[in-house]
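> Quick one, fold the following:
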Amino acid sequence: MSLMQIFIVNLLLLISLAVNAAEIRVAVDRNPVSIADSFQITFTADREPDNNPDFSPLQDNFDIIDQQRSSQSSWVNGQSSRTEQWIVSVKAKQTGELLIPPIAFGADSSKPLKINVIENQLAPQSNEELFLEVTATPEKPYKQSQVLYTVRIYTRVQIAQGVLNDPEIKDAVVEKLGEDSKYVTQFAGVNYSVIERRYAIFPQQPGPLNIPPLTLNAQVMVQRNSRFNGFFNQQSTEARRVTSKAINLNVQPIPDSFKGLDWLSAEAVKLKEVWSDNSRQAKVGEPLTRTLTLTVQGATVDQLPELASQAAIDGIKTYPDQPVLKEDKQSDGLTASREEKVAYIPSKPGDYTLPAMEISWFNTKTQRVEKAILPSVTIKALASGEPASQPTPVKPSEQNQQVIQTETPLLAADASEIRLWQAVSAFLALGWLLTVVGFIWRKPKTALVSASPASAKPAESVLEKNLKHACWENNPITAKQALLQWGKVHFGADSLATIAKLCPEPLAGEIEDLNQHLYSGQQHAWLGEKLWLAFSDAKFEKGVKLVGDEVLEPLFKL
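So this is what the prediction gives:
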């Protein structure tokens, strides 16, 4: 191996180390936390990190109580994945906003995280061994806005079995959040074990809202004295029943300042769009897909408005897909998302402007009406033989992002650390590149070999792989694009109808079915398994090309 090759290998290794570094996420089981409570810090790695963690920096602000490690492996669609997790139980040494510092896992590292530690605001009820505490915030929520309802079971005895009923509230939607958390707290030198459960409550009507008491029926362990001697003392259970207090909320109506069509109250809103072609260009009769995603913190999926405009556009057929609705129920609240895909198929060349999108929402943190906006966009329909133009770079000020968005700012320590590593990596990479360029420059010119123009053409195996993935994912638009690329290389064809005519059965029929599904506006899901099986079994004559510019009529006219 030549010296130049050694430098190239070292450069690739340097880049590979930066790309393949394990991402280590950090999270806490709740925030804020009381000074008297223990809590858990969870470090999660998407792959095996460089080394074991060094948790000693935590001791500046926290007492380490316990450490646990677990790993999980999975195999999905022929690909393996592994997750490593470390759970550290700690207790804060002081109140205030404390920093969980970056933890080194060898060369890998987690990001810092802030946690708010508050004074202990609860005292035991008449020194009871077992009692319930419930809280609800805010006490004056708006209609359909999120209320966080927290239930805590405090015990100084061992519970063998317990049943806690869920809150049943008239004119409200109740969602359980995440898993129960367990920790230890202290009152006047006495330790209590705590089980905490959280709910998100969404009141549907303004006015008084009563959250009735919850009841815990438990079997607790008790010591029974034997009449013989202490050696034969036995443990048995005793039934206990404890009840929480009721909570009354005052639900506010929709404020007069809100003028939107659909009432949406939330803590944060994010609206974005993604196009199948960044240049927003498509040939006549070909689809251009727009994916719209709305993500809302503090709302249910039922509260999210429709995104795609239903207004007709002269010269364009629109085919909306079924929306994809998701809810993420974490301990700090509920996050809902709505994704809509719309395929635009132009019937004649020209420029078409899609109207701006605007979603008004009420920020429950700032008590202000805000707007998430996507500006109007123009898509270009090209004639059959017209070449596509190069996309114009988008300026940061013109990016399709929402106007007002609530996000957690990057910590100063985290940002400076990232900038430092970016600078070091860039410096090292530049040094290696200059070295490689210097050695190449000193080589005789005959040592440089020009790349063949044919090498720029995608390999057929790559195109088949793209089609295979599209069929496995049941994505008809991606499957069509893969077929068009394959057909252009194999036959010189530029439409599904033409490719189908040149393929044997049953592949030809499956391609026609795909074409019909795309252009007839069918709403049912497309299954790609039959197409891929037919493609895999088909035998093609190598070197077949079309003669002339013959174009076959599409199966369905627009």
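> quick one: low-confidence parts of this protein?
1-21, 74-80, 121-126, 224-234, 385-461, 520-524, 540-558 (pLDDT under 70).
> Do you have the helices of it handy? List them.
For the chain, the helices defined by DSSP state H cover 3-19, 412-442, 460-472, 476-490, 496-501, 507-519, 529-537.
> what about residue 471, neighbour count?
27 (other C-beta atoms under 10 Å). For the C-beta atoms, the positions are set from N, CA and C on the backbone; glycine is no exception.
> That one - nearest residue in space that isn't next to it in sequence?
Nearest residue to residue 471 in three dimensions, chain neighbours excluded: residue 528, at 3.1 Å (C-beta to C-beta, 6 or more residues apart in numbering).
> check contacts around that neighbour.
470, 471, 472, 473, 474, 475, 476, 479 (C-beta atoms under 8 Å, 6 or more residues apart in numbering).
> what does residue 369 give?
Applying C-beta under 8 Å, 6+ apart, the residues near residue 369 are 255, 257, 258, 259, 260, 360, 361, 362, 363.
> Most neighbours of all these, which one?
residue 361 (28 neighbours).
> about what we covered before: among the contacts of residue 369, which are in strands?
Within the contacts of residue 369, residues falling in strands by DSSP state E are 360, 361, 362, 363.
> Pipe the residues you listed into a markdown table and attach distance to residue 464 per row.
Putting the ones in strands among the contacts of residue 369 into a markdown table (distance: C-beta to C-beta, whole Å) gives the following:
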| residue | distance to residue 464 |
| --- | --- |
| 360 | 48 |
| 361 | 46 |
| 362 | 51 |
| 363 | 50 |
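> Would you mind confirming that residue 478 is in contact with residue 472?
No: Residue 478 lies out of contact with residue 472 (C-beta atoms under 8 Å); the separation is 10.4 Å.
> Please say which of those two ends up with more neighbours.
Between residue 478 and residue 472, counted using other C-beta under 10 Å, residue 478 has the larger neighbour count: 18 against 14.
> For the more buried one, give me its contacts.
With C-beta under 8 Å, 6+ apart, residue 478 has these contacts: 466, 469, 470.
> now do 6 Å
Going by C-beta atoms under 6 Å, 6 or more residues apart in numbering, residue 478 touches residue 470.
> how near is it to residue 380?
21 Å (C-beta to C-beta, to the nearest Å).
> mind giving me CSV with the contacts of residue 369 and columns for distance to residue 511?
Shown next, in CSV, are the contacts of residue 369 (distance: C-beta to C-beta, whole Å):
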residue, distance to residue 511
255, 55
257, 55
258, 51
259, 50
260, 45
360, 45
361, 45
362, 50
363, 50
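> Taking those together, which two end up most distant?
259 and 363 (14.8 Å; C-beta to C-beta).
> quick one: residue 180 from residue 142, how far?
Using C-beta to C-beta, one gets 28 Å for the distance from residue 180 to residue 142.
> out of those two, which sits in the busier spot?
Neighbours of residue 180 and residue 142, each counted by other C-beta under 10 Å, are more numerous for residue 142; the result is 21 against 14.
> How about the contacts made by that one?
Here residue 142 is in contact with 252, 265 (C-beta under 6 Å, 6+ apart).
> Can we start the residue count at 557 from this point?
That works, and once the first residue is 557, the last one we named lands at residue 698.
> Report the beta-bridge partner residues of it.
Beta-bridge partners for residue 698, by DSSP bridges, are residue 808.
> same question, residue 670
On the basis of DSSP bridges, residue 670 is bridged to residue 655.
> next one: residue 583
Per DSSP bridges, the residues bridged to residue 583 are residue 598.
> May I ask you to confirm that it is in contact with residue 600?
No: here residue 583 does not reach residue 600: they are 7.4 Å apart, not a contact under C-beta atoms under 6 Å.
> End to end on stretch 870-881, go ahead and measure it.
Distance across stretch 870-881, first residue to last, is 30 Å (C-alpha to C-alpha, to the nearest Å).
> Now do that stretch: distance to the chain's middle.
Its chain's C-alpha centre and that of stretch 870-881 lie 23 Å apart, by C-alpha atoms, centre = their mean, to the nearest Å.
> That stretch: which residues count as buried?
872, 873, 874, 875, 876, 877, 879 (16 or more other C-beta atoms under 10 Å).
> Check the gap between residue 922 and residue 824 for me.
11 Å.
> Of those two, which one has the most company?
The neighbour comparison of residue 922 against residue 824 (other C-beta under 10 Å) goes to residue 824, with 22 against 11.
> Report the contact partners of residue 1033.
Contact analysis of residue 1033 by C-beta under 6 Å, 6+ apart lists 843, 845.
> what's the distance between it and residue 767?
Taken as C-beta to C-beta, the span from residue 1033 to residue 767 is 47 Å.
> Likewise for residue 933?
With C-beta to C-beta as the criterion, residue 933 and residue 767 are 46 Å apart.
> Of the two, which one has the most company?
residue 767 (23 against 16).
> To what extent is residue 583 buried, counted in neighbours?
The number of residues packed around residue 583, counting by other C-beta under 10 Å, is 15.
> Residue 666 contacts residue 582, correct?
Yes: assessed by C-beta under 6 Å, residue 666 is found in contact with residue 582 at 4.7 Å.
> Can you check which residues contact both of these two?
In contact with both residue 666 and residue 582: residue 599, using C-beta under 6 Å, 6+ apart.
> higher neighbour count, those two?
Set residue 666 next to residue 582 and count neighbours by other C-beta under 10 Å: residue 666 wins out with 23 against 17.
> Name the nearest residue to the more buried one, sequence neighbours excluded.
Once flanking residues are discounted, residue 666 sits nearest to residue 580: 4.2 Å by C-beta to C-beta, 6+ apart.
> Kindly report the same for residue 821.
Counting by C-beta to C-beta, 6+ apart, the residue nearest residue 821 is residue 701, at 3.9 Å.
> No more questions from me, cheers.
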